[in-house]
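Chemist: here is a sequence with its predicted model. Questions after.
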Amino acid sequence: MLRRSLLYLSEQPWLRRWMEHSPVSRKLTSRFVAGRTLANAIGVLQRLSDENILGTLDHLGENVNSLADATDSTNAYLEALAAIEQNGLPATISVKLTQLGLNFSEQACRANLRTLAERASVNGCRVEVDMESSAYTDRTLRLVTELHSSLPGHVRAVIQAYLHRSESDVRMLSARGIPIRLCKGAYQESISVAFARKAEVDANYVRLMKFLLAEGAEPAIATHNASILRKAVRTIQEQNIAPDRYEFQMLYGIRRDLQRELVRRGFRLRLYVPYGDAWYPYFMRRLAERPGNALFLAKNLLRR
Ligand code: FDA
């Protein structure tokens, strides 16, 4: 119930406008968001790199209001790619297609995504295409698949284990050699398209993860779930899977204990590092994942 309400609020533009301009916002968001500027985010990537952790930069912003805003987002990512290169950082970028104009023109969005992947390919970098709600799944996978055929290795898809369709998507993408980030899924979906119970989502996650570890192209196992992580490590050890064939991914600011533990044991870990002013929908999805976080928000707002 709380999860549903928070996900509903995450899509309300009036609340988004108010929250993003609120004086308390910096304090509220600092746990999950690296900062407002690219310089803040690069500073975080540098610190992570010192700890042997890779990064993927998310310039926050989704569901932009015009194609001009989509061009601005593309330019912000071009700056991020240039900064990654200048600083010699082991980082990728993560983009949402509604940020690159998908709601207005698939053609313009395709062109923006290609611009980023071509720039990323110059220094051996990669564009990770986040997955949004199921209304976008077909179009997102179509654009990723097209891009992979001309720039193989420079684009990664995201699959959400809560969707019923995901097993067939994982097989389709893997057959084409397209790298996949496997996550559970963070949006409000109906039971006609998604598993309703957490136990079903977790079970599907483990099934898809085992398939990807055995047959996927450079899968990224994106979860903070300690039990699933133990299963992943067991599969890797039992099947003697080489360390360069996969990586783990987690979100900036979540389960730092598990992050440190994976690195200490010599596993490759990449953190998803969001930055920018348009933090509201991202932040609300993080609250929805954990009721305790909503309590933290309420306390901080009341303290004002
Ligand atoms: P699960 O829900 O099983 O929780 C396990 C534990 O993790 C919890 O007990 C708690 O300790 C901790 N935890 C999890 N979430 C927390 C939070 N918000 N705050 C504090 N603690 C928390 N989704 C999507 O739909 N599209 C996408 O493109 C992506 N991309 C993505 C990239 C990366 C690198 C990650 C790690 C995740 C995503 N996600 C995503 C989000 C994902 O779908 C999912 O909502 C979250 O990762 C939570 O599920 P878990 O499997 O991590 O943990």
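Modeler: That came in fine, so what should we check first?
Chemist: strands of the stretch 1-150 of the chain, residue ranges please.
Modeler: Ranges of strands in the stretch 1-150 of the chain, per DSSP state E, counting those that start in this stretch, are 54-59, 91-95, 127-129.
Chemist: mind listing the strands the longest one pairs with, and their directions?
Modeler: Think strand 54-59. Using DSSP bridges, the strands paired with strand 54-59 in its sheet are strand 91-95 (parallel), strand 269-275 (parallel).
Chemist: of these, which approaches the ligand most closely?
Modeler: Among those, strand 269-275 comes nearest to the ligand, with 3.9 Å by CB to the nearest ligand atom. (Each C-beta comes from the backbone N, C-alpha and C, glycine too.)
Chemist: got the CA positions of the closest one in CSV?
Modeler: Extracted in CSV, the C-alpha atoms of strand 269-275 (Å, rounded to 0.1, in the frame of the first residue of the first chain):
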residue,chain,number,x,y,z
LEU,A,269,31.4,-4.0,-8.5
ARG,A,270,29.9,-1.0,-10.3
LEU,A,271,27.9,1.6,-8.5
TYR,A,272,25.0,3.5,-10.1
VAL,A,273,25.8,7.2,-9.4
PRO,A,274,22.9,9.7,-10.0
TYR,A,275,23.5,13.4,-10.0
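Chemist: sorry, back to before: mind putting the strands paired with strand 54-59 into a markdown table with mean pLDDT and mean neighbour count?
Modeler: Below are the strands paired with strand 54-59 laid out as a markdown table (pLDDT from 0 to 100; neighbours: other CB atoms under 10 Å):
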| stretch | mean pLDDT | mean neighbour count |
| --- | --- | --- |
| strand 91-95 | 98 | 25 |
| strand 269-275 | 98 | 24 |
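Chemist: save those as CSV, and put in distance to Val170 too.
Modeler: Converted to CSV, the strands paired with strand 54-59 look like this (distance: least, CB to CB, whole Å):
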stretch, distance to Val170
strand 91-95, 19
strand 269-275, 19
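Chemist: stretch 120-138: end-to-end distance?
Modeler: Start-to-end span of stretch 120-138 (CA to CA, to the nearest Å) is 24 Å.
Chemist: for that stretch, buried residues please.
Modeler: By 16 or more other CB atoms under 10 Å, the buried positions in stretch 120-138 come out as 120-121, 125-134, 136-137.
Chemist: the helices in the stretch 201-304 of the chain, which residues?
Modeler: 226-238, 256-264, 280-289, 291-303 (DSSP state H, counting those that start in this stretch).
Chemist: residues near the closest residue to Phe283 other than its chain neighbours, how many?
Modeler: Sequence neighbours aside, Thr29 is the residue nearest to Phe283 in space, at 5.6 Å (criterion: CB to CB, 6 or more residues apart in numbering). Look at Thr29: counted by other CB atoms under 10 Å, it has 22 neighbours.
Chemist: would you confirm that Thr29 contacts Trp279?
Modeler: Yes. Thr29 lies in contact with Trp279 (CB atoms under 8 Å); the separation is 5.1 Å.
Chemist: dump the residue contacts of Glu118.
Modeler: By CB atoms under 8 Å, 6 or more residues apart in numbering, Glu118 lies in contact with Leu151.
Chemist: packing partners of the longest helix belonging to the chain?
Modeler: Longest helix of the chain, by residue count under DSSP state H: helix 67-86. Packing contacts for helix 67-86, counted by 3 or more CB pairs under 8 Å, 6 or more residues apart in numbering; DSSP states H and E, involve helix 38-50, strand 54-59, strand 91-95, helix 106-122.
Chemist: quick one: low-confidence parts of the chain?
Modeler: Scanning the chain for pLDDT under 70 picks out 26, 296-304.
Chemist: the ligand contacts on that one?
Modeler: Taking CB under 6 Å from any ligand atom as the contact definition, the chain meets the ligand at 130-131, 158, 160, 183-187, 222-225, 249-251, 254-255, 272, 286, 289-290, 293.
Chemist: inside strands: which ones of those residues?
Modeler: In this view, the residues of the chain next to the ligand that belong to strands under DSSP state E are Val158, Gln160, Cys183, Ala222, Gln249, Met250, Leu251, Tyr272.
Chemist: now do the contacts for the fourth one.
Modeler: Right, the one you point to is Ala222. Applying CB under 8 Å, 6+ apart to Ala222 gives the contacts Val158, Arg181, Leu182, Cys183, Phe248, Gln249, Met250, Tyr272.
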